[in-house]
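Student: Pasting a predicted model and its sequence here:
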Amino acid sequence: MLVKPLLHEALCNGCGLCLTVCECGALVLVRNVIKIIEVESCGYCTECELVCPTGAIECPFEIVIEDSIEITIEE
């Protein structure tokens, strides 16, 4: 399952701020409304959600990276 941001097209004002922060090129404006064109390219960085002034982009999942380094102490 690929995780992608949820888009609320009715809230999109076509400002394009999300396009300026999308480093993977997954977002485009079509008729002044945001769309995801490449789900596989989306790294789910959530930057688009952070800059959206209208709340049209929602990233409902939190990505947590846990440190899995195991330290062994030898006596």
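Tutor: Alright, I've got the coordinates. Bear in mind the structure is a predicted one, so any value in this text is a computation, not a measurement.
Student: Only C-alpha atoms from now on, for both contacts and neighbour counts.
Tutor: Fine.
Student: show me the contacts for Gly43.
Tutor: Cys24 (Cα atoms under 8 Å, 6 or more residues apart in numbering).
Student: and the closest residue to Glu58 other than its chain neighbours, what pLDDT?
Tutor: Take Glu58 and drop its neighbours on the chain: the residue closest to it by Cα to Cα, 6 or more residues apart in numbering is Leu6, 5.0 Å away. For Leu6, the pLDDT comes out at 92.
Student: how far away is Leu6 from Ile36?
Tutor: Per Cα to Cα, to the nearest Å, Leu6 is found 9 Å from Ile36.
Student: neighbour count winner among the two?
Tutor: Ile36 (18 against 14; other Cα atoms under 10 Å).
Student: Look up phi and psi at that one.
Tutor: Here is the backbone geometry of Ile36 (degrees, to the nearest 10): phi -100, psi 120.
Student: who does it bridge with?
Tutor: Leu27 (DSSP bridges).
Student: what separates it from Cys42, distance-wise?
Tutor: Distance from Ile36 to Cys42, by Cα to Cα: 8 Å.
Student: what residues are shared contacts of those two?
Tutor: Residues touching both Ile36 and Cys42 (Cα under 8 Å, 6+ apart): Ala26.
Student: what's the neighbour count on Glu66?
Tutor: Burial of Glu66 is recorded as 6 neighbouring residues (other Cα under 10 Å).
Student: Actually, Ile73.
Tutor: Using other Cα under 10 Å, Ile73 has 5 other residues around it.
Student: Distance of it relative to Lys35?
Tutor: Applying Cα to Cα, the value for Ile73 to Lys35 is 51 Å.
Student: in stretch 46-55, what's buried?
Tutor: Applying a neighbour-count criterion of 16 or more other Cα atoms under 10 Å, the buried positions in stretch 46-55 are 46-49, 51-52, 55.
Student: Same check on stretch 18-27?
Tutor: Those would be 18-19, 21-22, 25-27, for stretch 18-27 by 16+ other Cα under 10 Å.
Student: neighbouring contacts of that stretch?
Tutor: By Cα under 8 Å, 6+ apart, stretch 18-27 touches 28, 34-39, 41-43, 47-49, 51-52.
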